[in-house]
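1. sequence and predicted structure are below.
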Amino acid sequence: MTSANVWLQVALRLMPPVAMTVSPRNSSALESWLRTWLNARQVPDLASHPLPQLLAEGLFVTLNSDDPPMFGTSLLEEYRRVRDHLGLTDGQLRALARASFEASFAPAALKRRLAEPGAVGGEPPQAPAVR
């Protein structure tokens, strides 16, 4: 179990409001897996997953897929699940993607490029003004 997994377990048991002190925005990201938690019976169903609450608490959370062949999922499927079963908005999905870039070991220049408007984790580009 990684240290991020341990922090997520601690955060879930302490929240709210103490979880905010467990993983502030500038700390390690909390890794979140939907399918894994369901298969491991950590939650009774997908709608019970605490991801929306973790995000509402302002915690630095990433969405992950743990061992795709074993759990029959992919990262794309996990994003679909949080949209369809947890009702996350496009903005929240972008924030999860952005958090994954920020938490990664990617070079700083790549992280900046991925956060630009129109990039995967960036804000959507503004439509040109109609004249």
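-> Okay, I see it. Nothing here was measured: the structure is a model prediction, and the numbers come from that model.
2. contacts for stretch 68-83?
-> 33-36, 39, 46, 51, 63-65, 88, 92-93, 96 (C-beta atoms under 8 Å, 6 or more residues apart in numbering). In this view, the C-beta of every residue, glycine as well, is placed from N, C-alpha and C.
3. farthest-apart pair in those, please.
-> Between any two of these, the greatest separation by C-beta to C-beta is 23.6 Å, found for Asn39 and Gln92.
4. which of these two has more residues huddled nearby?
-> Counted by other C-beta atoms under 10 Å, Asn39 and Gln92 do not tie: Gln92 has more neighbours, with 17 against 14.
5. which ones are touching the more buried one?
-> Counted by C-beta under 8 Å, 6+ apart, Gln92 has contacts Leu55, Val82.
6. quick check, it in a helix?
-> Yes. The assignment for Gln92 by DSSP: H, G, I helix; E, B strand; the rest coil puts it in a helix.
7. separation between it and Ala40?
-> 24 Å (C-beta to C-beta, to the nearest Å).
8. any chance you could map the helices in this structure?
-> For the chain, applying DSSP state H gives helices covering 3-14, 19-22, 34-39, 51-56, 68-71, 75-86, 90-103, 108-114.
9. quick one, which of those helices gets closest to Ser28.
-> helix 3-14 (5.5 Å).
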